[in-house]
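K.L.:
structure of the sequence below:
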Amino acid sequence: MRIGVDTGGTFTDFVLWDGKSISTYKVLSTPDDPSRAILQGLDSLEPKEVVHGSTVATNALLEQKGARTAFVTTKGFEDLLAIGRQNREQLYDLLATPRIKLVPSELTFGLPERILFDGSVEQSLSDSAIDDLAIKLRNQGVESVAVCLLHSYANPSHEKKIGHGLDGLFVSLSHEVLPEYREFERASTTVANAYLTPLMARYLKDLEQKIAGVKLRVFQSNAGSISATTAANSAIQTVLSGPAGGVVGAAAVAAEAGIERVISFDMGGTSTDVALYDGKFTYTNESNIGGFPIRVPMLDIHSVGSGGGSIAYIDSAGALRVGPHSAGARPGPICYGEGEDLTVTDANLLLGRIDPEHFLEGRMSLDLIRTEDFAARFAKKLGVSVERTAKAIIDIANSNMERAIRAVSVERGQDPRDFALVSFGGAGAQHACELADRLEIDTVIVPPHASVLSAVGMLIADCVRDYSRSVLSVDAEQVFRELENHAKRDFSDEGYEEVFLECSIDLRYRGQSHEITIPYSEQKGFSAHHRKLYGYDHQGREVEQVTARVKAIAKLDKIKPTALYNSEEASNVYIPKGRRSNRDSAGNLLLKKA
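P.N.:
Residues are numbered from 1 along each chain as shown. The predicted structure follows:
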């Protein structure tokens with residue numbers, strides 16, 4: 001038995017494959033200890049393998065509750081993290097919020113050493129400098145260390161030396177986390193990994209002990225899973241694992257429906273995640289999680305703080321706002337019986353879009369009378385009716401989500417009208433049709449397992465690992481061979497002998513500062529890719545190879561697609577006037593313009 005587990009802010013979802021069919025269920029999440037909800041869901045089951053999408057790293061980064069971390073760099077570059085790229089999200093805001101600091105100034109250390117861009121050593125690193133550093137770190141009570149030396153991607157010898165000299169501490173070395181040039185992104189990603197790794201390592205070790213004998217794999221942001229051992233040392237790879245599972249599930253739905261181009265729309269209790277799929281996954285190497293820049297391969301997913309639990313409130317100017325704060329699982333929306341803040345779920349209930357007696361397939365009833373009482377008091381503050389208040393909450397939430405969909409389509413040069421919208425997540429079906437109407441999308445697909453589709457994606461996804469290295473001053477062909485051999489060794493150690501390799505490369509015109517990632521076999525068509533993305537090209541200008549990338553994939557035994565969509569009925573789907581519904585042969589609910 002294989003089980004996919006998606007830990008969300010409100011619910012923990014389970015999808016079970018017993019070799020013949022799939023069954024699904026949910027339990028309320030336990031944010032203080034996510035493993036409690038997992039153990040509750042696994043009670044009385046005897047799975048052979050669990051694929052877990054974890055929010056442990058994400059929440060620790062957003063809430064800044066990671067390990068006490070030190071930052072070690074080349075002497076003279078101690079202010080690297082503070083200076084950054086000098087980007088300002090609000091250019092004209094004179095009181096802009098400073099960048100998040102995961103490492104305080106007193107835990108930043110510069111070592112006397114220097115490696116040049118070509119890997120040659122200008123100043124050697126002494127053993128005494130490392131010994132002195134180790135003493136300082138232990139005196140400061142440091143638990144984890146991020147090491148990012150200048151040009152270590154070209155020659156990691158000094159970083160390796162530091163790693164050996166700091167025995168007993170969690171150590172993240174930048175040449176292992178991100179062996180690419182651009183020292184700020186390399187440093188910030190390494191710091192984030194060091195900040196999160198001790199927490200993730202403890203969590204996974206504890207979970208493995210509690211489910212002893214079960215093979216545990218962890219889902220990543222790149223739409224594949226890795227072993228728990230690897231994840232324990234690479235926590236940064238898991239920060240968007242939940243949303244990535246949804247995109248994999250949406251791709252499977254699209255394949256079953258015979259539709260090649262879809263936009264995934266995952267509306268949960270806390271947030272909404274959207275992504276574009278046009279027959280292949282769309283990746284990005286850069287992201288910003290909670291204001292902290294990280295650079296790892298991940299699906300190109302846009303998230304907004306708009307979910308079923310998003311709280312409606314009146315701001316200081318008297319305007320109605322919705323989100324990003326969420327009621328979560330505790331206390332939850334008003335209709336759950338404990339919450340006292342009006343949420344999007346409450347608004348849907350008030351408008352009759354949710355059946356209070358059949359929520360979660362009847363396993364949970366909603367308190368409509370209590371919701372009406374709290375809503376009446378809230379509406380009185382606005383000076384409008386309860387119905388108008390509920391509609392306004394829905395409109396604001398829909399506007400936030402519409403902007404997110406436009407960000408992954410229109411802003412990427414794609415027309416959303418050319419795509420179908422795959423709606424999933426616990427709250428997606430109440431909003432999908434209205435969003436499709438706003439975007440002039442013809443077809444909305446609601447799969448039977450819509451509320452747990454992220455867990456479905458985790459269950460069916462392959463094992464995937466990404467490898468990269470800068471090639472600005474070295475032979476790219478040689479680097480590709482080394483990366484491919486590295487990938488084969490790693491997968492062989494985990495018991496996978498057959499590995500599929502996908503090679504891509506970051507290219508740019510000489511003089512540019514940012515690159516485009518394209519398949520290695522298509523690098524001669526770089527100008528065409530550039531023109532499609534930006535609307536122009538520079539024919540005749542020299543093209544530079546910047547970073548070699550290898551994606552290694554070990555295919556798992558495939559679950560029969562028809563088994564994904566059995567007799568479970570999609571419930572609480574809001575279908576406005578102007579849409580007709582029917583089911584396809586796979587059991588998906590298709591909502592088309594009349």
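K.L.:
could you measure from the closest residue to residue 228 other than its chain neighbours over to residue 454?
P.N.:
Spatial nearest neighbour of residue 228, excluding adjacent residues (CB to CB, 6 or more residues apart in numbering): residue 216 at 4.3 Å. Bear in mind the C-beta positions are built from the backbone N, C-alpha and C, glycine included. Separation of residue 216 from residue 454 (CB to CB, to the nearest Å): 18 Å.
K.L.:
these two: which has the busier surroundings?
P.N.:
Neighbours around residue 216 and residue 454, counted as other CB atoms under 10 Å, are more numerous at residue 454. The numbers are 33 against 19.
K.L.:
what strand or helix carries the more buried one?
P.N.:
Using DSSP states H and E, residue 454 sits within helix 453-460.
K.L.:
for that helix, which helices and strands make contact with it?
P.N.:
Packed against helix 453-460, as judged by 3 or more CB pairs under 8 Å, 6 or more residues apart in numbering; DSSP states H and E, are the following elements: strand 2-7, strand 11-17, strand 22-28, strand 49-53, helix 241-257.
K.L.:
okay, domains of this structure per the record?
P.N.:
Structural domains of the chain, as assigned by automatic domain parsing, span the residue ranges 2-62+201-237, 63-200, 463-554.
K.L.:
what's near enough to touch the residue lying closest to residue 238 once chain neighbours are set aside?
P.N.:
Closest residue to residue 238 apart from its sequence neighbours, by CB to CB, 6+ apart: residue 57 at 5.0 Å. When contacts are counted by CB atoms under 8 Å, 6 or more residues apart in numbering, residue 57 is found next to 196, 199-200, 235-236, 238-239.
K.L.:
now do residue 483
P.N.:
If a contact means CB under 8 Å, 6+ apart, then residue 483 has 467-469, 548-550 as its contacts.
K.L.:
could you verify that it is part of a helix?
P.N.:
Yes: Residue 483: assigned to a helix according to DSSP: H, G, I helix; E, B strand; the rest coil.
K.L.:
per-residue pLDDT, it?
P.N.:
The predicted local distance difference test score for residue 483 is 96.
K.L.:
deepest of the domains of the chain, which one?
P.N.:
For the domains of the chain, average neighbour numbers computed from mean count of other CB atoms under 10 Å are highest in domain 2-62+201-237, which has a mean of 20.
K.L.:
straight-line length of that domain, end to end?
P.N.:
Distance across domain 2-62+201-237, first residue to last, is 22 Å (CA to CA, to the nearest Å).
K.L.:
gap between stretch 495-510 and the chain center?
P.N.:
Here stretch 495-510 is found 21 Å from its chain centre; the criterion is CA atoms, centre = their mean, to the nearest Å.
K.L.:
next one: stretch 160-170
P.N.:
Distance, centroid of stretch 160-170 to centroid of chain: 30 Å (CA atoms, centre = their mean).
K.L.:
export that stretch to PDB, keeping only CA atoms.
P.N.:
These are the backbone C-alpha positions of stretch 160-170, laid out as PDB (Å, rounded to 0.1, in the frame of the first residue of the first chain):
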ATOM      1  CA  LYS A 160      34.900  21.400   2.400                       C
ATOM      2  CA  LYS A 161      37.700  22.200   4.900                       C
ATOM      3  CA  ILE A 162      35.300  24.300   7.000                       C
ATOM      4  CA  GLY A 163      32.700  21.500   6.900                       C
ATOM      5  CA  HIS A 164      35.200  19.000   8.200                       C
ATOM      6  CA  GLY A 165      36.300  21.400  11.000                       C
ATOM      7  CA  LEU A 166      32.800  22.000  12.400                       C
ATOM      8  CA  ASP A 167      32.000  18.500  13.400                       C
ATOM      9  CA  GLY A 168      28.900  18.200  15.600                       C
ATOM     10  CA  LEU A 169      27.000  21.100  14.000                       C
ATOM     11  CA  PHE A 170      24.600  21.200  11.100                       C
END
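K.L.:
okay, now the unreliable bits of the stretch 251-400 of the chain?
P.N.:
Counting by pLDDT under 70, the stretch 251-400 of the chain shows low-confidence ranges at 361-362.
K.L.:
ditto for the chain
P.N.:
Counting by pLDDT under 70, the ranges of the chain that qualify are 361-362, 560-571.
K.L.:
which helix or strand lies directly C-terminal to the longest helix seen in the chain?
P.N.:
Of all segments of type helix in the chain, defined using DSSP state H, the longest is helix 183-210. Helices and strands here follow DSSP H and E; after helix 183-210, the next one along the chain is strand 215-219.
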